[in-house]
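Trainee: pasting a predicted model and its sequence here:
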Amino acid sequence: MALSGKLTKKLVENLGPGRHGDGGGLYLVVDPSGARRWIVRVTVKGQKNRKGAPLRTDFGLGGADVVPLYQARERALEYRRMAKQGLNPRYNAKQDVPTFEEFARQVHIERLPTWKNAKHGAQWINTLRDYAFPKIGRMPVDSIGQPEVLMCLSPVWTEKHETARRLSQRIKIVLDVARAKDFRSGENPVTAIKDAGVLPKVSKKARHHRAMDWRAVPAFYADLRQRNAMAAKALMFTCLTASRTGEVLGMRWDEIDAEARLWTCPPDRMKTGEAHRVPLADEMLAIIEPLRAMQSEYVFEGQKRHKPLSNMSMLMLLRRMGVENATVHGLRSAFRDWAAESANAPREVAEMCLSHRIGSQVEQAYARSDLLEKRRLLMERWTAFICGGSGKVLQIA
């Protein structure tokens with residue numbers, strides 16, 4: 001006979017954040033992130049806590065996407081029976097060893113709040129989905145050894161080395177957590193493979209974005225000025241601010257303070273994970289202010305209402321303009337070269353313009369200022385250079 005309670009499958013999938021009771025001590029816990037997991041609360045007969053009160057304890061039963069409602073009820077009933085007999089489920093419950101895929105998806109859910117954004121979280125599980133689950137996903141997590149790990153890594157180790165490296169890290173994390181939760185014992189096979197040098201060494205070649213010579217930027221910008229497409233305006237703004245593509249295309253109006261001549265890019269779009277203030281010169285404001293009339297959520301709206309431009313829009317514009325020797329990101333390199341070779345700008349000022357971290361962690365801890373006013377002077381010089389001026393009028397101490 002099937003067990004019953006207050007919850008239904010539909011409720012389990014749709015209930016909002018909070019703790020939702022099914023009855024008999026079983027609860028569905030929904031985190032603000034949307035992660036859903038089961039817990040059961042039992043009182044162990046005849047046992048007391050440190051204060052002398054009846055021993056009441058919560059036990060996790062797994063994620064709701066891995067453990068269905070009926071199975072959570074069965075496990076909760078098993079825990080209640082043990083507690084009624086005076087047996088602490090923590091030491092007496094029989095744990096079913098999950099498959100690698102089941103456990104990996106649970107680890108993914110538990111770590112969702114720690115990722116900078118949803119995209120990174122999706123990339124984490126997608127790597128395992130594409131390269132590990134087809135081979136070892138159905139195997140019990142305690143049966144994964146070196147041969148099984150090699151079965152996942154070897155096919156992509158040399159051809160897609162960066163992907164394989166991330167795959168090995170993620171498999172290692174899953175197996176480490178499984179050991180911490182008593183589903184495994186012994187050394188992690190990923191560590192053993194690395195220490196033994198089983199896989200061949202792959203020389204990592206640095207990949208640099210193709211950059212435009214800084215001397216060619218004014219002519220390129222003059223060409224852009226003749227174009228009315230939204231992608232052209234976004235590329236002009238990107239060029240002037242030396243910002244990353246995602247930072248510019250995701251820009252919203254509430255991030256702009258026209259009076260203070262400042263754009264504050266929030267942490268979730270920054271590579272460093274920290275908010276970044278960008279000083280705005282007259283030319284930058286002249287590009288974006290007319291776009292307010294569109295009354296869009298995004299400054300650079302794409303083809304769909306209240307949606308930003310595609311992240312390929314600026315690169316495709318470069319190709320249509322016949323620019324084959326540079327990428328959008330490479331414009332940042334052009335700015336950096338100009339700052340060093342022409343403006344003779346202090347290194348820390350130029351690097352902060354690019355939102356790069358400077359120095360060791362100790363130096364970063366003491367360097368509290370973001371050098372905004374010095375960066376403002378440098379960005380105004382860069383703008384003057386691009387727009388046809390010398391860019392050498394202002395001095396930066």
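Mentor: Received it, and whenever you're ready, just let me know what you need. This is a predicted model, so every value here is computed, not measured.
Trainee: centroid-wise, who is the farthest residue in this structure?
Mentor: Gly46 (47.8 Å; C-alpha atoms, centre = their mean).
Trainee: which non-adjacent residue is nearest it?
Mentor: Ranked by C-beta to C-beta, 6 or more residues apart in numbering and with sequence neighbours excluded, the top spatial neighbour of Gly46 is Gly86, at 4.7 Å. Bear in mind the C-beta positions are built from the backbone N, C-alpha and C, glycine included.
Trainee: domain-wise, how is this protein divided?
Mentor: 9-92, 100-196, 214-386 (automatic domain parsing).
Trainee: test my guess that the residue nearest to Gly46 contacts Val42.
Mentor: No: in this structure, Gly86 is not within contact of Val42 by C-beta atoms under 8 Å, at 11.4 Å.
Trainee: so for these two, which residue has more residues nearby?
Mentor: Val42 (22 against 12; other C-beta atoms under 10 Å).
Trainee: who touches stretch 113-125?
Mentor: Contact with stretch 113-125 is made by 31-33, 35, 104-105, 108, 111-112, 170, 267-268, 273, as judged by C-beta atoms under 8 Å, 6 or more residues apart in numbering.
Trainee: show me what contacts Leu167?
Mentor: Leu167 touches 127-128, 131-132, 152-153, 156, counting by C-beta under 8 Å, 6+ apart.
Trainee: let's see that with 6 Å instead.
Mentor: By C-beta atoms under 6 Å, 6 or more residues apart in numbering, the contact set of Leu167 is 127, 131.
Trainee: wait, is it part of a helix?
Mentor: Yes: Leu167 forms part of a helix when assessed by DSSP: H, G, I helix; E, B strand; the rest coil.
Trainee: beyond the worst-scoring helix or strand of the chain on mean pLDDT, next helix or strand please.
Mentor: Counting by mean pLDDT, DSSP states H and E, the chain has its least confident helix or strand at helix 361-366, which shows a mean of 52. Per DSSP states H and E, the first helix or strand lying C-terminal to helix 361-366 is helix 372-386.
Trainee: and that following helix, what's buried?
Mentor: Within helix 372-386, the residues that count as buried by 16 or more other C-beta atoms under 10 Å are 374-386.
Trainee: and the host helix or strand of Thr43, which strands flank it?
Mentor: Per DSSP H and E: Thr43 is located in strand 36-48. The pairing partners recorded for strand 36-48 under DSSP bridges are strand 26-30 (antiparallel), strand 54-63 (antiparallel).
Trainee: pLDDT on it, on average?
Mentor: Averaged across strand 36-48, pLDDT comes to 86.
Trainee: with stretch 179-195 instead?
Mentor: 88.
Trainee: including distance to Leu3, could the domains of the chain go into JSON lines?
Mentor: Shown next, in JSON lines, are the domains of the chain (distance: least, C-beta to C-beta, whole Å):
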{"stretch": "domain 9-92", "distance to Leu3": "4"}
{"stretch": "domain 100-196", "distance to Leu3": "21"}
{"stretch": "domain 214-386", "distance to Leu3": "42"}
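Trainee: pick out the shakiest of those domains, pLDDT-wise.
Mentor: Among those, domain 9-92 carries the lowest mean pLDDT (a mean of 85).
Trainee: that one: how far from the chain's middle?
Mentor: In terms of C-alpha atoms, centre = their mean, to the nearest Å, the centre of domain 9-92 is found 31 Å from the chain centre.
Trainee: also stretch 125-138?
Mentor: Counting by C-alpha atoms, centre = their mean, stretch 125-138 comes out at 20 Å from the chain centroid.
Trainee: same deal with stretch 5-18?
Mentor: For stretch 5-18, the distance to the chain centre is 28 Å (C-alpha atoms, centre = their mean).
Trainee: mind listing what's buried in it?
Mentor: For stretch 5-18, by 16+ other C-beta under 10 Å, it's 7, 12.
Trainee: stretch 80-91 too?
Mentor: 80, 82-83, 87-89.
Trainee: just the CA trace of it, in CSV.
Mentor: The C-alpha trace of stretch 80-91 is given here as CSV (Å, rounded to 0.1, in the frame of the first residue of the first chain):
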residue,chain,number,x,y,z
ARG,A,80,10.7,6.8,12.5
ARG,A,81,10.5,3.0,13.2
MET,A,82,14.2,3.0,14.2
ALA,A,83,13.7,6.0,16.5
LYS,A,84,10.6,4.4,18.1
GLN,A,85,12.8,1.3,18.9
GLY,A,86,15.4,3.5,20.5
LEU,A,87,17.8,3.3,17.6
ASN,A,88,19.5,6.4,16.4
PRO,A,89,19.1,6.5,12.6
ARG,A,90,22.4,8.2,12.3
TYR,A,91,24.2,5.0,13.2
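Trainee: tally of neighbours for Leu331?
Mentor: 27.
Trainee: pretty sure Gln146 contacts Val190?
Mentor: No: taking contacts as C-beta atoms under 6 Å, Gln146 lies outside contact range of Val190: 8.6 Å.
Trainee: how is the residue sitting nearest the centre point of the chain assigned, secondary-structure-wise?
Mentor: Centrality entry for the chain: nearest residue to the mean C-alpha point is His120, 3.2 Å, by C-alpha atoms, centre = their mean. At His120 the chain is in helix, as set by three-state DSSP.
Trainee: equivalent analysis for Gln106, please.
Mentor: Classified using three-state DSSP, Gln106 is helix.
Trainee: how many neighbours does it have?
Mentor: Counted with other C-beta under 10 Å, Gln106 comes out at 23.
Trainee: got it, and the one 5 residues further on?
Mentor: Close neighbours of Arg111, defined as other C-beta under 10 Å, add up to 16.
Trainee: what about it, which helix or strand?
Mentor: Judged by DSSP H and E, Arg111 forms part of helix 100-111.
Trainee: how far does that helix sit from the chain's center?
Mentor: 17 Å.
Trainee: what lies in contact with it?
Mentor: By C-beta under 6 Å, 6+ apart, helix 100-111 touches 35, 63, 66, 125, 128, 133, 136-137, 139, 141, 144, 174, 177-178.
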